[in-house]
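*Asks:* the following block contains a protein sequence and its predicted model.
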Amino acid sequence: MTRDVAPRIGYPKPALIHSTFFPALQGAQSKMSASDPNSSIFLTDSDNDITTKIKKYAFSGGRATEEEHREKGGNCEVDVSYQYLTFFLEDDEKLEELRVGYENGKILTGELKRELIKVLQKIVGEHRERRLKVTEEMVNAYMKPRKLDFEF
């Protein structure tokens, strides 16, 4: 889409577009699907839905037992909660602190999941509030066909 639009607004076509995809909650080996409501977090999910999905379905990079996890640490490369936090947690220092703590075994999977739940509930909750303010007139005005006129 960017390659189609860029020349119309006076820019050259980009040669490369880098994209990163969210993993499904069950991990990179599975895929997100609208037919499986537990494969991802939706903007229409309630706070309880988010909590349940993360606690129950988010694939963990932790070890089999707490003792083993404390000794060997977790794997952030496969941990879905950590991967989601890389997208949504705005505090880079906090993210690095979580990564180091998780990989060293000081932070357990449950703590990482609680952090993700807190972050996602805030983002989705704010979206939910803004969505309630949208009126039918706003939608109609936005959807009204009109000629695009870009000036530079």
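*Replies:* Yep, that arrived. Numbers count the residues shown, from 1 in each chain.
*Asks:* ok now the longest helix seen in the chain, how far from the chain's centre?
*Replies:* Secondary structure assigned by DSSP state H gives helix 109-132 as the longest helix of the chain. Put simply, helix 109-132 sits 10 Å off its chain's centre (C-alpha atoms, centre = their mean, to the nearest Å).
*Asks:* what residues does that helix touch?
*Replies:* Helix 109-132 has contacts (C-beta atoms under 8 Å, 6 or more residues apart in numbering) with 41, 43, 45, 47, 50-51, 54-55, 58, 60-62, 69, 74, 79, 81-82, 84-85, 88-89, 98, 102. Yep, even glycine has a C-beta here, placed from its N, CA and C like the rest.
*Asks:* equivalent analysis for stretch 24-37, please.
*Replies:* Contact with stretch 24-37 is made by 22, 38-41, 53-54, 57-59, 78, 80, as judged by C-beta under 8 Å, 6+ apart.
*Asks:* among these, which ones are in helices?
*Replies:* Cross-referencing the contacts of stretch 24-37 against helices under DSSP H gives 53-54, 57, 80.
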